[in-house]
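Chemist: take a look and give me a structure for this.
(one chain, ligands or ions: 1)
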Amino acid sequence: MSQIGSETNPLRVAIVGAGPAGFYTAERLFKDKSLHITVDMYDRLPTPFGLVRNGVAPDHLKIKSVTKVFDRLAKKPQFRFFGNVELGTDVSVEDLRNHYHQIVYSTGAQTDRYLNIPGIDLKNSHPATEFVAWYNGHPDFRDYEFDLSQERVAVIGIGNVAVDVARILCRTHEELMETDIADYAMEQLVNSNVKEVVMLGRRGPAQAAFTPPEAKELGEMAGADACVLPEEAELDPLSQASLADADRGTMRNIEIIKELSQRAPSGKSKKLTIRFLVSPTELSGNEAGEVAGMRLVKNELYQTEGGTLRPRATDQFEEIPVGLVFRSIGYRGVPIPGVPFHERWGVILNEKGRVLDEESNEPVLGEYTAGWIKRGPSGVIGTNKPDAAETAECMLADLAGGKTLNPAQPGLDAAANLVQSRKPNFVSYEDWLKLDELELAAGEAQGRPRVKFTEVEEMLKALGKV
Ligand code: NAP
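Modeler: Residues are numbered from 1 along each chain as shown. Below is the predicted model:
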């Protein structure tokens with residue numbers, strides 16, 4: 001057999017997870033023109049692009065235009081998409097080892113970090129990740145219910161996901177018409193009773209996890225006044241002292257927060273308040289078992305030995321009435337059966353993208369990881385590019401060193417036959433392009449950028465696959 005990576009014996013790569021990390025890995029692999037590489041990308045959903053479709057806020061269409069880059073890659077003859085095929089259900093890790101020289105897991109962070117306080121499991125208290133997936137039309141979440149008849153909503157956390165959730169709750173009908181939000185979500189949000197949204201930051205303005213463009217956008221909504229309590233916009237002495245080393249983003253956040261704290265309300269129908277140095281300690285319920293209130297403790301900051309400013313509870317408490325709660329304190333990776341996982345960090349055990357064996361801590365031959373399941377849920381979409389390049393470079397170095405799997409059936413047809421036999425109604429990239437066209441046409445008919453399919457059955461029907 002000729003060398004792996006040659007024309008007659010191309011390097012066969014399976015990428016599991018069709019989000020940005022998966023696509024950027026393929027992009028880096030294809031850059032090496034001296035090698036012949038073919039990529040099969042698997043996704044459990046019929047649609048590609050992962051969080052770009054199901055996580056990025058529907059009113060951030062510009063961010064979603066990154067799919068043009070992925071689309072160009074997917075149209076290369078060396079690339080195939082096997083959508084609607086789930087690893088662990090339709091194909092196993094063992095199947096992939098039998099068909100590919102290298103496997104990349106780029107499955108993202110599919111669940112949320114839990115907040116362990118009394119009352120957190122009351123009715124109307126939800127992980128923000130579920131709400132995000134719901135309003136984005138993720139098929140697994142379309143039937144979730146959120147009680148938007150409530151007037152007051154608390155969002156725990158002040159990262160960009162919390163900002164997205166707060167903003168979507170505040171958007172007007174006109175603003176939502178310009179988005180690709182799921183149609184059912186638009187209808188329910190337009191008819192919602194929400195009047196007040198409170199975002200809760202456990203540290204101060206200098207430690208806010210949101211980024212300046214997102215913070216600024218909160219102050220520019222058509223139907224909601226954004227505000228900050230003047231006393232909470234002030235920096236505590238430790239934060240003040242830390243400014244000497246602060247980056248531009250932090251300085252800009254502080255400025256925006258200050259400006260919001262000085263604004264007089266303009267009488268818009270909704271109000272969004274960003275709070276600082278407070279932590280929820282307990283949710284209280286009514287007779288129906290629904291959230292009715294939240295107890296907050298005031299925090300102060302202290303400096304750890306490493307120099308980080310951390311929150312510490314004081315003895316000052318307050319109660320706020322809330323009828324709906326979203327906890328937005330970070331995503332978390334889900335283990336893949338048979339793939340080493342670091343439980344505490346919620347990531348696949350790896351070094352620079354090489355999957356590591358749990359016992360020996362040595363690289364597992366031919367297995368790699370990229371994106372949030374590799375490094376944890378941090379950074380913007382572009383962060384995945386260098387992250388994926390690091391993984392792809394390890395893959396290429398291992399190929400050069402002769403360290404690949406030795407699959408029994410490396411042929412292109414063998415993998416296609418495997419998928420065809422296990423999941424006859426798999427969705428190819430060509431199929432996706434048809435769905436894409438139908439979604440865009442449905443959007444045009446309604447004067448919106450896109451109306452998404454939100455049910456797998458519905459997508460398969462449109463493709464004549466059921
Ligand atoms: P994140 O940026 O890590 O923010 C998590 C937030 O939860 C922080 O405010 C954190 O506060 C807070 N938190 C954590 N544990 C808490 C606790 N026990 N009690 C109270 N608050 C707690 O995570 P994310 O918002 O889920 O976003 C994930 C990544 O996606 C981020 O890198 C984000 O920038 C990115 N993203 C980007 C965009 C965009 O570019 N527009 C949109 C969405 C998401 P501390 O800082 O005190 O830990």
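Chemist: how many neighbours does the residue of the chain found nearest the ligand have?
Modeler: Using CB to the nearest ligand atom, the single residue of the chain nearest to the ligand is G159, 2.2 Å away. Using the backbone N, CA and C atoms, a C-beta is placed for each residue, glycine as well. Residues within reach of G159, counting by other CB atoms under 10 Å, total 22.
Chemist: before we move on, what about L176?
Modeler: Residues within reach of L176, counting by other CB under 10 Å, total 19.
Chemist: a helix runs through it, doesn't it?
Modeler: Yes: counting by DSSP: H, G, I helix; E, B strand; the rest coil, L176 falls inside a helix.
Chemist: tell me the pLDDT of it.
Modeler: pLDDT, L176: 98.
Chemist: tell me which residues touch it, please.
Modeler: Contacts for L176 (CB atoms under 8 Å, 6 or more residues apart in numbering) come out as 58-59, 186, 189-190.
Chemist: just among the residues you listed, which is most surrounded?
Modeler: P58 (26 neighbours).
Chemist: that residue and Y302, how far apart?
Modeler: Going from P58 to Y302 by CB to CB, to the nearest Å gives 39 Å.
Chemist: what parts of the stretch 301-450 of the chain come near the ligand?
Modeler: With the criterion set to CB under 6 Å from any ligand atom, the stretch 301-450 of the chain comes near the ligand through 328-331, 377-380.
Chemist: neighbour count and pLDDT for those - can I get that in a markdown table?
Modeler: Shown next, in a markdown table, are these (neighbours: other CB atoms under 10 Å; pLDDT from 0 to 100):
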| residue | neighbour count | pLDDT |
| --- | --- | --- |
| S328 | 29 | 97 |
| I329 | 20 | 97 |
| G330 | 20 | 93 |
| Y331 | 25 | 94 |
| P377 | 21 | 96 |
| S378 | 13 | 94 |
| G379 | 14 | 93 |
| V380 | 11 | 94 |
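Chemist: now render those as a markdown table, adding secondary structure and distance to P139.
Modeler: Formatted as a markdown table, those follow (DSSP: H, G, I helix; E, B strand; the rest coil; distance: CB to CB, whole Å):
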| residue | secondary structure | distance to P139 |
| --- | --- | --- |
| S328 | coil | 22 |
| I329 | coil | 25 |
| G330 | coil | 24 |
| Y331 | strand | 19 |
| P377 | coil | 21 |
| S378 | coil | 26 |
| G379 | coil | 26 |
| V380 | coil | 25 |
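Chemist: which two among the residues you listed are spaced furthest apart?
Modeler: I329 and V380 (18.3 Å; CB to CB).
Chemist: got the domain boundaries for the protein?
Modeler: Domain assignment for the chain, taken from automatic domain parsing, gives 11-110+333-462, 115-330.
Chemist: among the ones you listed, which is nearest G5?
Modeler: domain 11-110+333-462 (4.4 Å).
Chemist: residue contacts, the closest residue in space to T172 that isn't next to it in sequence?
Modeler: Spatial nearest neighbour of T172, excluding adjacent residues (CB to CB, 6 or more residues apart in numbering): G223 at 4.0 Å. Residues in contact with G223 (CB under 8 Å, 6+ apart) are 170-172, 175, 268-270.
Chemist: and if we set it to 10 Å?
Modeler: 170-175, 268-270 (CB atoms under 10 Å, 6 or more residues apart in numbering).
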